[in-house]
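Participant: Structure for the following, please:
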Amino acid sequence: MPLWRLGKVRESLTVSSEAYKKRVLMYLGAKDYYLIAGSDVEGTFADSILTKKGERQEYWMEVKATGISLGDNSFLTQLAKYLSTYLSKTPNNRFRMIIACYKLTNVALFEKVYERLERDAIDALLGNVLSASSPIDKLVIENASREDIIGFFEDTIIIESDIKGLDIAEAKVKPDPPAKPTLPDAEYAAEVLNKFGDVSPSTFEYEDAYDNLLWKDSEDKILLDNIKKVKRESRRLTRERSEDAISWNVFRYLEKHDLIPSFLRLVTTNHGDSSEVIYWSYSQKEKSRWSVLDRAREEFGEEIKRSSEPDIIIRTSKALFFIEAKLTAGNKTKPSDEHNHKKYESGGDKWFSTVFKSTYDTIAITEKKYELMRFWLLGTWMANQLGLDFFLVNLVLSEREKDIESTFRIHIKENPKRKFIRITWEDIYQLILTNSLGKDRSMMINYFETKTIGYDQNGQLQKAFTIP
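Facilitator: Residues are numbered from 1 along each chain as shown. Predicted coordinates:
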């Protein structure tokens, strides 16, 4: 979530709602947003619906000429309406919400929910939202996937400013962004902050997803366009902390430079040959969603639009690899509806009992390993159907999730044909450092050494990777 705090609130909260909304619209207009509908249009409950030049994306805006709080019951009722409407739309037709207000009450909570996407904070807020929602909105939200709900919060833009702050920010907006180097750095981020005011206190977002991607020649773009047709969520590619962007940058490099076998040797020496890399369920061989994954989703009661989607799948002649990539997010996840087990326990002729030691409730709810549980369940079943070994790889930063192997392995049944393993991004950096040649190697090394994951409390960009 971009959180745009446009200076300190210097004025009293006495401006009229219409006057404040007008100033917000003028500011956004200077940033190439334009109005396509207002609350006076029948069937529109948002204060304004906007889009942006060159985009089809809709932005639904709620304007408050006051402070807002995530503890305010009336605001939570409105939030439930927006969330329910968002979830009712197909993924390709979902809007991004804009909340504009004079002042945020408890900024730290907004950052936990909207910016850092902390699961416990979202769960607590969601409980309050459900309590404040209408029966119809509650039904829609309760039946939605956790990933879709998180997507709503992640896609929201929040603007906190008084009239003077909006005036100053509008004056700083220029028609063209500053020239950007190949990689994000503190100097560029400071320039964007100065000219655009759309950098949050802890991270930033690119206007164009391709600015966040290394591999974007014609062949890459064709592949990305095809991936986006089946990928459940693609807008996150613009975010500095995007796990999708780093997965593309790293694994597309490994694929283009025939380094997938070297990567697989980090997992097992018996990895097989003739690998196919499947990005977010898109099979390059089938030119569509991978049919084997779709069969597994159906077998265990998942709807395609709310289904399990590994970041990277690699299939070889001997094994199937699921790679779940993490950057700043952790592995703690649980279902949005704790009572809906789908067919996870009964599907595949009760395959769950074959590959797990613990119960569904223990793994998914108590231990909050819902996402890893689903990947282990579907992946082992798919590999068994294909006659392949299976490896679930949790790809993380070297300083994070250090105990994930021990904490997850106590719940699963491993054997020589199916294993769970933790690998770090820094392991891949070392692989590229020692096994790669050519000009692209220098670009990848530089990417690893300069990649950032937001600002610290002193406003300094933090390095993503621990590299000597």
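Participant: quick one, strands of the stretch 301-450 of the chain?
Facilitator: Assigned by DSSP state E, counting those that start in this stretch, the strands in the stretch 301-450 of the chain fall at 312-315, 319-325, 389-396, 418-424.
Participant: and the chain, what are its domains?
Facilitator: Using automatic domain parsing, the domain parsing of the chain gives 3-173, 209-431.
Participant: show me what contacts the closest residue in space to His341 that isn't next to it in sequence?
Facilitator: With sequence-adjacent residues excluded and distances taken as C-beta to C-beta, 6 or more residues apart in numbering, His341 is closest to Tyr360, at 5.7 Å. For the C-beta atoms, the positions are set from N, CA and C on the backbone; glycine is no exception. By C-beta atoms under 8 Å, 6 or more residues apart in numbering, the residues touching Tyr360 are 341, 344-345, 352, 373.
Participant: and the residue lying closest to Glu401 once chain neighbours are set aside, what does it touch?
Facilitator: The shortest distance from Glu401 to any residue other than its chain neighbours is 6.0 Å, reached at Asn331 (C-beta to C-beta, 6+ apart). Asn331 makes contact with 369, 371-372, 394, 401, 404, 408, according to C-beta under 8 Å, 6+ apart.
Participant: what would these look like in JSON lines with pLDDT, distance to Glu118 and neighbour count?
Facilitator: Formatted as JSON lines, the contacts of Asn331 follow (pLDDT from 0 to 100; distance: C-beta to C-beta, whole Å; neighbours: other C-beta atoms under 10 Å):
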{"residue": "Lys369", "pLDDT": "95", "distance to Glu118": "17", "neighbour count": "24"}
{"residue": "Glu371", "pLDDT": "94", "distance to Glu118": "15", "neighbour count": "21"}
{"residue": "Leu372", "pLDDT": "97", "distance to Glu118": "18", "neighbour count": "25"}
{"residue": "Asn394", "pLDDT": "98", "distance to Glu118": "19", "neighbour count": "21"}
{"residue": "Glu401", "pLDDT": "94", "distance to Glu118": "15", "neighbour count": "19"}
{"residue": "Ile404", "pLDDT": "97", "distance to Glu118": "18", "neighbour count": "19"}
{"residue": "Phe408", "pLDDT": "97", "distance to Glu118": "20", "neighbour count": "21"}
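Participant: Can you give me the pLDDT of Pro468?
Facilitator: Looking at Pro468, its pLDDT reads 78.
Participant: got it, and Thr203?
Facilitator: Looking at Thr203, the pLDDT reads 63.
Participant: for Gly348, same thing?
Facilitator: For Gly348, the pLDDT comes out at 96.
Participant: does Lys64 belong to a helix or a strand, and which?
Facilitator: Per DSSP states H and E, Lys64 falls inside strand 59-69.
Participant: Report the buried residues of that strand.
Facilitator: 59-66, 68-69 (16 or more other C-beta atoms under 10 Å).
Participant: ok, now stretch 360-374?
Facilitator: 360, 363-364, 367-374.
Participant: which residues sit in contact with the closest residue to Ala364 other than its chain neighbours?
Facilitator: Nearest non-adjacent residue to Ala364, counting by C-beta to C-beta, 6+ apart: Tyr370, 4.2 Å away. Contacts for Tyr370 (C-beta under 8 Å, 6+ apart) come out as 146, 333-335, 363-364.
Participant: just Glu302 next, same as before
Facilitator: Taking C-beta under 8 Å, 6+ apart, we find Glu302 in contact with 308, 342.
Participant: cool, Leu386 as well?
Facilitator: With contact taken as C-beta under 8 Å, 6+ apart, Leu386 is in contact with 292, 315, 320.
Participant: how much space between it and Ser291?
Facilitator: Separation of Leu386 from Ser291 (C-beta to C-beta, to the nearest Å): 12 Å.
Participant: Let's verify Thr51: helix, strand, or coil?
Facilitator: Recorded secondary structure, Thr51: strand (DSSP: H, G, I helix; E, B strand; the rest coil).
Participant: mind starting the numbering at 39 from now?
Facilitator: Yes, from this point I'll number from 39; that puts the last item at Thr89.
Participant: so what's it bridging to?
Facilitator: Tyr72 (DSSP bridges).
Participant: you'd agree it is up against Tyr71?
Facilitator: Yes - counting by C-beta atoms under 8 Å, Tyr71 is a contact partner of Thr89 at 7.1 Å.
Participant: Overlap in contacts, the two.
Facilitator: Common neighbours of Thr89 and Tyr71, counting by C-beta under 8 Å, 6+ apart, are Tyr97.
Participant: Please identify which of those two sits among more neighbours.
Facilitator: Tyr71 (20 against 17; other C-beta atoms under 10 Å).
Participant: for that one, what are its contacts?
Facilitator: When contacts are taken as C-beta under 8 Å, 6+ apart, Tyr71 is in contact with 88-91, 97.
Participant: Next: Ser112.
Facilitator: Residues near Ser112 by C-beta under 8 Å, 6+ apart: Ala170.
Participant: So it lies in a helix, does it not?
Facilitator: Yes - the assignment for Ser112, made by three-state DSSP, places it in a helix.
Participant: quick one: pLDDT of it?
Facilitator: 90.
Participant: do the same with Tyr72
Facilitator: Tyr72 is assigned 83 on the pLDDT scale.
Participant: what about the residue nearest to Met99 when sequence neighbours are not counted, how many residues close to it?
Facilitator: Among residues not flanking Met99 along the chain, Ile136 sits closest, at 4.1 Å (C-beta to C-beta, 6+ apart). By other C-beta under 10 Å, 24 other residues sit near Ile136.
Participant: Show me the beta-bridge partners of Ile136.
Facilitator: Beta bridges link Ile136 to Met99, Ile195 when assigned by DSSP bridges.
Participant: Would you agree it is in contact with Glu96?
Facilitator: No - taking contacts as C-beta under 8 Å, Ile136 lies outside contact range of Glu96: 10.4 Å.
Participant: thinking again about what came up before, relative to Phe191, which of the contacts of Tyr398 is nearest.
Facilitator: Of all these, Phe191 sits closest to Met411, with 22.7 Å by C-beta to C-beta.
Participant: my guess is that closest one contacts Ala402, does it?
Facilitator: Yes - counting by C-beta under 8 Å, Met411 touches Ala402, with 5.4 Å between them.
Participant: Show the model's pLDDT score for the closest residue to His449 other than its chain neighbours.
Facilitator: In this structure, His449 finds its nearest non-sequential neighbour in Ser396, 4.1 Å apart by C-beta to C-beta, 6+ apart. Ser396 carries a pLDDT value of 97.
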